[in-house]
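S.K.: Curious how this folds, go ahead:
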Amino acid sequence: MADSPPWFTHPAMSAVFSRGVRTRLGISPNHVSFRVGVLRTHLLTALLAHGAARNLGVPVHVAIRWDDSDGLRRRDEHRSALLHEIRRVARIPTASAESALRQSHRGDRYRRALQRLEDRRVLVTRGGVPCLDVTAVDRWMTARGVSPEALTASATVNKSVPLSPAQRMIPLIRRDGRVLWHLATVVDDIDQRTTLIVRGTDKKDATAVQARLHWALTDGGSAPAHLFLPKLLEKKTPVTRVADLLERGVRPSALRCFLVEPYLTRQQPAAQSTDFPGLVEQLRPVLPRHGDGLLDEPRLASLDRKLSAALAPALARQELDEYCPSAPAHVIEWVVRHHPRPLLQQTRLCRALTEEQIEYESPPDRAEDTWPWLDAWARGAPPGPPPNTVRWVLTGQRDGPRARDLLEVFPSHLVACRLASAAQELSRSNAARNRTSVRSRPSSSRDSNNGNPTVRPVTATRTGA
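M.R.: Got it, this is the predicted structure:
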């Protein structure tokens, strides 16, 4: 393994040396958020493209392509949310969205490609559906001195793929005129001058079809290099979306590291730069050999906790600012510096420093000691160091920054509001504890045995009861 050559020097990458690394992210706008495994494929596509270009000293270009030919599933309103996850969660630098291809707008281009195939006598119609005649393509290639099987094998970087299609007739257009995947993706790759295609291993059977189709449409042009990734599987139904993880407070930086961890040279989160350029620098030159894996959410949560404690301040500020866009910059800065915790904890503290209404955890012991101390502090004569319970009164949290540090940044106009809210919470908690204590007292077994009624004290639960 250590002596294996870097993947980007594979002969399949020959077109890269002259034209640079050009790849694309095929996005289907059929949901407001990516499946986690799909975002992983997009992120690794971009990282591997940038890593190859960096090592080979050639330009790199990552384009967006909207796979929206299926009008029944297409939702144009989802585009902005998906682009947000590409650029703000995965941090992938891409070409402008305005230059992105939209398959739903390219019907004329696909029809011209069909005509080109028909002119070369490799297109036949079966049941009203235009199909690529694989036998005719193979015969034409052989006559030109090209082995179809060798062409397919030469296009693959890291996997053995079937060298011949399982079917001899490949449908290219639906009966209603909508383009099918094989034709659309090959024509788009030709027009975008794609030199590197990164896919899941579940699509490796398509290589034999698309290598032949590419050759036929370009009069013998070399196919892009194909690189395959293991799948990220899930046991859950419905599957987890990226938005689900973000709503639970998972850091985008932790998610990026988790998704690409097997492809990095270092495995200690504290030592990693988690932004896109830092991940490019840590890519392994030899691809790992691993199979499909399950989405391990406990492992992701563990990684999130470790990274939160060691994240670069600039990136931590950026992530917290996206969760708390209305918070002042100095509050964001203070929380990042004094509370290096998972994002949900930081967000809750940030809101406690800026908003009037907050949620309270259960009160700590001796919480009532806070009121006289804060009264004295407000008069400028605190009786010694602040008790830890000050933190609960001001933020609603039992854990967090030291009370002394918190008082330096806490806005004075919110103190009275917090004292009132905390008093209500403490009163509710004490009342609930008293009710539980009274109702849980056991009955006397002697009273039960002699037939006398059991008498328990009753506490009033409302005024006038």
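
S.K.: Extract the CA atoms of stretch 228-244 and return them as PDB.
M.R.: Extracted in PDB, the C-alpha atoms of stretch 228-244 (Å, rounded to 0.1, in the frame of the first residue of the first chain):
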ATOM      1  CA  PHE A 228     -15.500   5.400  -7.500                       C
ATOM      2  CA  LEU A 229     -16.300   5.900  -3.900                       C
ATOM      3  CA  PRO A 230     -17.900   3.400  -1.400                       C
ATOM      4  CA  LYS A 231     -21.400   4.200  -0.400                       C
ATOM      5  CA  LEU A 232     -22.500   5.700   2.900                       C
ATOM      6  CA  LEU A 233     -25.500   3.600   4.000                       C
ATOM      7  CA  GLU A 234     -28.200   4.100   6.500                       C
ATOM      8  CA  LYS A 235     -30.600   1.900   8.500                       C
ATOM      9  CA  LYS A 236     -33.100   4.600   9.200                       C
ATOM     10  CA  THR A 237     -36.300   5.300   7.300                       C
ATOM     11  CA  PRO A 238     -36.600   8.100   6.200                       C
ATOM     12  CA  VAL A 239     -32.900   8.700   5.600                       C
ATOM     13  CA  THR A 240     -31.000  11.400   7.500                       C
ATOM     14  CA  ARG A 241     -30.600  14.700   5.600                       C
ATOM     15  CA  VAL A 242     -27.900  17.300   6.100                       C
ATOM     16  CA  ALA A 243     -30.500  19.700   7.500                       C
ATOM     17  CA  ASP A 244     -31.500  17.200  10.100                       C
END
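
S.K.: Any chance you could list what contacts it?
M.R.: The contact list for stretch 228-244, computed with CB atoms under 8 Å, 6 or more residues apart in numbering, reads 31-37, 39-41, 44, 81, 85, 89, 156-159, 161, 198-204, 255, 259, 290-295, 297. Every residue, glycine included, has its C-beta placed from N, CA and C.

S.K.: average pLDDT for that stretch?
M.R.: On average, the pLDDT along stretch 228-244 is 91.

S.K.: which parts of that stretch are buried?
M.R.: 228, 229, 230, 231, 232, 240, 241, 242, 243, 244 (16 or more other CB atoms under 10 Å).

S.K.: Ok, stretch 310-326 next?
M.R.: Quick answer for stretch 310-326 (16+ other CB under 10 Å): 311, 312, 315, 316, 317, 318, 319, 320, 321, 323, 324.

S.K.: Test my guess that the third one contacts residue 274.
M.R.: This means residue 315. Yes. Checked against CB atoms under 8 Å, the pair residue 315 and residue 274 is within contact range at 6.5 Å.

S.K.: where do the contact lists of these two overlap?
M.R.: What both residue 315 and residue 274 touch, as defined by CB under 8 Å, 6+ apart, is the set residue 253.

S.K.: one step back: so which of the buried residues of stretch 228-244 are in strands?
M.R.: Counted as lying in strands by DSSP state E, out of the buried residues of stretch 228-244, are 228, 229, 232.

S.K.: Let's have those in JSON lines, adding distance to residue 58.
M.R.: Formatted as JSON lines, these follow (distance: CB to CB, whole Å):
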{"residue": "228", "distance to residue 58": "22"}
{"residue": "229", "distance to residue 58": "22"}
{"residue": "232", "distance to residue 58": "29"}
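
S.K.: Among the residues you listed, which one lies nearest to residue 328?
M.R.: residue 232 (38.7 Å; CB to CB).

S.K.: Could you pull up phi and psi at residue 320?
M.R.: Here is the backbone geometry of residue 320 (degrees, to the nearest 10): phi -70, psi -40.

S.K.: same check, this time on residue 387
M.R.: The phi/psi pair for residue 387 (degrees, to the nearest 10) reads phi -70, psi 150.

S.K.: Tell me how many other residues surround the nearest residue to it once chain neighbours are set aside.
M.R.: Leaving aside its sequence neighbours, residue 387 sits nearest to residue 369 (CB to CB, 6 or more residues apart in numbering; 5.4 Å). Residue 369 has 14 neighbours, counted by other CB atoms under 10 Å.

S.K.: pretty sure residue 369 contacts residue 388?
M.R.: No. If you go by CB under 8 Å, residue 369 and residue 388 don't touch, sitting 9.7 Å apart.

S.K.: Redo the buried residues of stretch 228-244 as a markdown table? Include distance to residue 280.
M.R.: What follows is the buried residues of stretch 228-244, written out as a markdown table (distance: CB to CB, whole Å):
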| residue | distance to residue 280 |
| --- | --- |
| 228 | 20 |
| 229 | 17 |
| 230 | 20 |
| 231 | 23 |
| 232 | 21 |
| 240 | 26 |
| 241 | 26 |
| 242 | 21 |
| 243 | 26 |
| 244 | 27 |
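
S.K.: So, low pLDDT: which residues of the protein?
M.R.: 1-2, 267-272, 438-465 (pLDDT under 70).

S.K.: Name the single longest helix found in it.
M.R.: Criterion DSSP state H: the longest helix present in the chain is helix 415-439.

S.K.: I'd like to know which elements that helix is packed against.
M.R.: Contacts defined by 3 or more CB pairs under 8 Å, 6 or more residues apart in numbering; DSSP states H and E place helix 415-439 against helix 370-378, helix 389-395.

S.K.: where along the stretch 51-200 of the chain do the helices fall?
M.R.: Under the criterion DSSP state H, counting those that start in this stretch, the stretch 51-200 of the chain contains helices at 79-84, 107-119, 134-143, 148-154, 181-191.

S.K.: Single out the most deeply packed of the ones you listed.
M.R.: With neighbours taken as mean count of other CB atoms under 10 Å, the helices of the stretch 51-200 of the chain reach their highest mean count in helix 181-191, at a mean of 21.

S.K.: picking up where we left off before, out of the helices and strands packed on helix 415-439, which gets nearest to residue 21?
M.R.: The closest of those to residue 21 is helix 389-395. By CB to CB, the value is 48.7 Å.

S.K.: what separates that closest one from the chain centre, distance-wise?
M.R.: In terms of CA atoms, centre = their mean, to the nearest Å, the centre of helix 389-395 is set 34 Å apart from its chain centre.

S.K.: who's in contact with that helix?
M.R.: So helix 389-395 is contacted by 348-349, 352-353, 358, 360-361, 363-364, 366-367, 369-370, 373-374, 397-403, 406-407, 410, 414-415, 418-419, 422 (CB under 8 Å, 6+ apart).

S.K.: Over to stretch 108-117?
M.R.: 123, 130, 132, 172, 173, 179, 183, 184, 187, 191, 216, 217.

S.K.: If we use 6 Å, what do you get?
M.R.: Contacts to stretch 108-117, defined as CB atoms under 6 Å, 6 or more residues apart in numbering, come from residues 123, 130, 179, 183, 187, 217.

S.K.: Now do the contacts for the fourth one.
M.R.: Applying CB under 6 Å, 6+ apart, one finds that residue 183 lies in contact with 110, 172.

S.K.: any idea how far it is from residue 111?
M.R.: 10 Å (CB to CB, to the nearest Å).

S.K.: Over to the fifth one?
M.R.: According to CB to CB, residue 187 and residue 111 sit 10 Å apart.
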